[in-house]
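Visitor: Build me a model from this:
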Amino acid sequence: MKIPSFTRHDERDEAMSMTPMIDVVFLLLIFFVCASIGQQKEMLLSTPISGAGVKSGTPPENLDQPKPDRAYLKLLRIGGETVTDLNGTLIEEPERVRGLLIDLATVAPDIPVVIETGDDVPLGDMIELYDLCRSVDFETINFAIDPPKTRSVKPKVTP
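Guide: A predicted model of the protein is given here:
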């Protein structure tokens, strides 16, 4: 009677048990490679803005005046209408805001634009103002936010 050799049998079982795991690993590798091809990073995507309806303005006559250090735009809701405060001047007509921004971008496109919105201003009005600033070629557009409120922490005094 021949005694079976278990060493050969064990090697075959190990090889057979590794094959499905290797197959699964390669399938997952192929899946992730195929899923990642053709996708762009979101931070590299540009925001296309059509220039339709935006007229280039003529430069103002007073070019010798010093250019402002920034354009601070604050959107406010007054009487159910959204009005714009441009560097402390309240402007109610959207076309006048457009004209002033075109003139300002012609003179100084490199100044930063800061947009602040009130709590009751519709999001669409803020987006329209942002799109307008992008369409007149301002280089830097920022949003103003309220700083986080810090709580004062009193140290515990132990007697």
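
Visitor: Can you pull out the low-pLDDT segments for the chain?
Guide: The chain contains residues with pLDDT under 70 at 1, 4-16, 39-68, 147-159.

Visitor: need the helices for it, in chain order.
Guide: Counting by DSSP state H, the chain has helices at residues 6-36, 94-107, 123-135.

Visitor: Which one of these lies nearest to Val114?
Guide: Of all the helices of the chain, helix 123-135 sits nearest to Val114, with 10.2 Å by CB to CB. C-beta: built from backbone N, CA, C; applies to glycine.

Visitor: Can you give me the buried ones in the closest one?
Guide: Buried residues in helix 123-135, defined by neighbour count with 16 or more other CB atoms under 10 Å: 125-126, 128-130, 132-133, 135.

Visitor: Output these in JSON lines, with distance to Lys2 appended to each entry.
Guide: Shown next, in JSON lines, are these (distance: CB to CB, whole Å):
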{"residue": "Asp125", "distance to Lys2": "91"}
{"residue": "Met126", "distance to Lys2": "87"}
{"residue": "Glu128", "distance to Lys2": "89"}
{"residue": "Leu129", "distance to Lys2": "90"}
{"residue": "Tyr130", "distance to Lys2": "85"}
{"residue": "Leu132", "distance to Lys2": "91"}
{"residue": "Cys133", "distance to Lys2": "89"}
{"residue": "Ser135", "distance to Lys2": "89"}
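
Visitor: Show me which of the residues you listed is closest to Met18.
Guide: Of the buried residues of helix 123-135, the one sitting nearest to Met18 (CB to CB) turns out to be Tyr130, at 56.8 Å.

Visitor: Is it correct that that closest one is in contact with Asn142?
Guide: No - using CB atoms under 8 Å, Tyr130 makes no contact with Asn142, being 10.5 Å away.
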